[in-house]
Structure formats: C-alpha cells, structure tokens
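In: sequence first, predicted coordinates after that:
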Amino acid sequence: MGFPGTWMTESESMVYRVVPKCACSTIGQIMYYSDHGRFFEGDIHDATGGLHKWAIEDSQAAIRANVKTRSSYAFTCVRNPYTRVLSSFFDKICGIQRNGKRYRGNLVPLLIQKYGIEVGGPDGREEFDQIKSFRRFLLFVRDTIRWRRPMEPDIHWSSMSGHISTFIVNGGRYNHIFWTERFNDGMQEVLNAVQTPQAIDLGAIPRFNESEGHGPKRAHPVEAYFDDLAMHLVKEIYWRDFELFRYDFDDPANKMPVGEIDLDEVHAKLGD
C-alpha cells in the first residue's frame, strides 16, 4: 500500500498530494522554504533532499507512518479541467522540456502521425492551427484514459480525482482541498493550520511556474478551443472533477469554481 505523488516536509508539519498542473511547483517550494528558510535552487520536482517524497525510497517509511496515523495536516490543490488540459497541451505536447527535448521522446511524433496534430515546428515557435490540433489532442487523451491506448494515460492529463483518490483509498484523509484559482486564500488556510520552523509571508512568495515558456503562447481565449464535441469529450474524461471540485462544465470561459468543495463527499466518492 503506497502513497504515490505524496510529499511531506522534513519537519512533518504538512503532507501534500501532488496533482500535476495545479500549482505543484509553487506548493513544493513553499513546503521546502517552510523548513529551510530558502527555496530549492532549480525545479522542486528535481529535489532529492530537503523534502520527503514518496518517489524517494528513504522517505517512504516516514510518509506511510504519518499518513496512516493522520499525524499531519494533509492537503491538495485542484484546477479547472478546461484550463488544466489546455495547459498540458501547450506545455507537454507543443513545448520543449527543460532538458532541451520533447516530452516523453517519441510521444509527439506518435501524435503527429496518428492524430494529425501540429505542434509549431521543431521548437514550438511556428504558427499553427492551435484549436484544430488541441481538439485532436483531446481525442488522444480520451483514448488513453478510456482504452489505455496507444499508451497509458499520462499524469499531466489524467483526472485530478484519480490522483487524489489514491491517497484516500490507501488510508489517508485530506484536511483541505483548495483551488488554484484562489491560491492565496487556500494556501493561507493551510499555513494557518500548521506550525512551520520558518515563518512564511505568502504575499512575498513568487510563483514557480516551471512550465512557463516551454511552448507557444495560447493564441485564443479558453472557450475558443472547446466546441460542442470538445466539451463532450471533456465531460466524458473529467466529469467527476467538475462534480467534486465544483467547476462550471457549461461555460469553459468561467474558470472559477461555482460552489464549495465538500470534503466528506470527496472522501466518500473517491474512497471506494
């Protein structure tokens, strides 16, 4: 029984279940700073010390013991499914990654060949029909999630509910789930609930958007990418995310939540 994607401060002040594309770089850096009084130099995802991570074998016993006994404040962060899947497309599919290469090696050539997607040329800087290519990407996302082909679903576009549920199913319980769109309010609630070795002024914390600049700029408003068919695909893939985290399925232009998250409902529906 494990806790994939779970990070914990070394002081065990807080436990965080990472959800990709939901401010995870900024949250990780805040956690790191709260213990050490400085930020990690580089992408926090590359840190192999200073922060417990389930992916680090030596951290697993401490994380398992803490989560099982619910000793620390546990939280996660979610994002509007429309903007999240769009961000995944521009960052992971169109963008050059920080290692100077395309994401997952042969993934982009596969998408170009099988789905007719364009990505803006070798460096992602050329003009291309973003809307047409994104809608074809959505077909690929649906195929990976529904039929697990031509590959397993990727963490960056698999549902938030799927990520969040593993923590619950294996014995954890969230104290708080907040929205990326109201980041300061949500993160402040976490910080108010815990004691950290280093004080944090959230207003002075920079945003660590590690994917920014990887790919082309979005040329259109969010709603332009989602016609009726695209919205149908998004509902098929992410219906539970809209339902549990109170996002507006009917209006892709509205990125803000339309209700409050019910933690008991989340645990009941994702805990089976």
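Out: That came in fine, so what should we check first? Just so it is clear, the structure is predicted and the values come from calculations on it, not from any experiment.

In: which regions of the stretch 151-272 of the chain sit below the pLDDT cut-off?
Out: Filtered on pLDDT under 70, the stretch 151-272 of the chain yields the residue ranges 210-214.

In: go with 80
Out: Low-confidence segments of the stretch 151-272 of the chain, defined by pLDDT under 80: 209-215, 272.

In: please enumerate the strands of it.
Out: Counting by DSSP state E, counting those that start in this stretch, the stretch 151-272 of the chain has these strands, from start to end: 176-179.

In: show me where it has helices.
Out: Chain-ordered helices for the stretch 151-272 of the chain, with DSSP state H, counting those that start in this stretch as the definition, fall at 160-169, 183-193, 228-245, 263-270.

In: quick check: angle from the first one to helix 228-245?
Out: Helix 160-169 runs at 30 degrees relative to helix 228-245, counting by axes from the mean of the first three to the mean of the last three Cα atoms, to 10 degrees.

In: what sits up against helix 160-169?
Out: The contact list for helix 160-169, computed with Cβ atoms under 8 Å, 6 or more residues apart in numbering, reads 2-6, 17-20, 22, 67, 74, 76, 78-79, 81, 84, 155, 174, 177, 238, 240-241, 244-245, 266-267, 270-272. Where you see a C-beta, it was placed from the backbone N, CA and C, and this is true even at glycine.

In: buried ones in that helix?
Out: Buried residues in helix 160-169, counting neighbours by 16 or more other Cβ atoms under 10 Å, are found at 160-161, 163-168.

In: what helix or strand is the spatially closest residue to residue 102 that is not a sequence neighbour located in?
Out: Excluding the flanking residues, the one nearest residue 102 by Cβ to Cβ, 6 or more residues apart in numbering is residue 108, at 4.7 Å. Assessed by DSSP states H and E, residue 108 sits inside helix 107-115.

In: what's the average pLDDT for that helix?
Out: Averaging pLDDT along helix 107-115 gives 94.

In: what's it packed up against?
Out: helix 130-147 (3 or more Cβ pairs under 8 Å, 6 or more residues apart in numbering; DSSP states H and E).

In: indicate which one of the helices of the stretch 151-272 of the chain is closest to residue 33.
Out: The closest of these to residue 33 is helix 183-193. By Cβ to Cβ, the value is 10.9 Å.

In: circling back: most neighbours per residue, which of the helices of the stretch 151-272 of the chain?
Out: helix 160-169 (a mean of 20; mean count of other Cβ atoms under 10 Å).

In: quick one, it and helix 263-270 angle?
Out: 90 degrees.

In: next, the distance between the ends of stretch 73-92.
Out: 31 Å (Cα to Cα, to the nearest Å).

In: could you check how far that stretch is from the centre of its chain?
Out: Distance of stretch 73-92 from the chain centroid (Cα atoms, centre = their mean, to the nearest Å) equals 4 Å.
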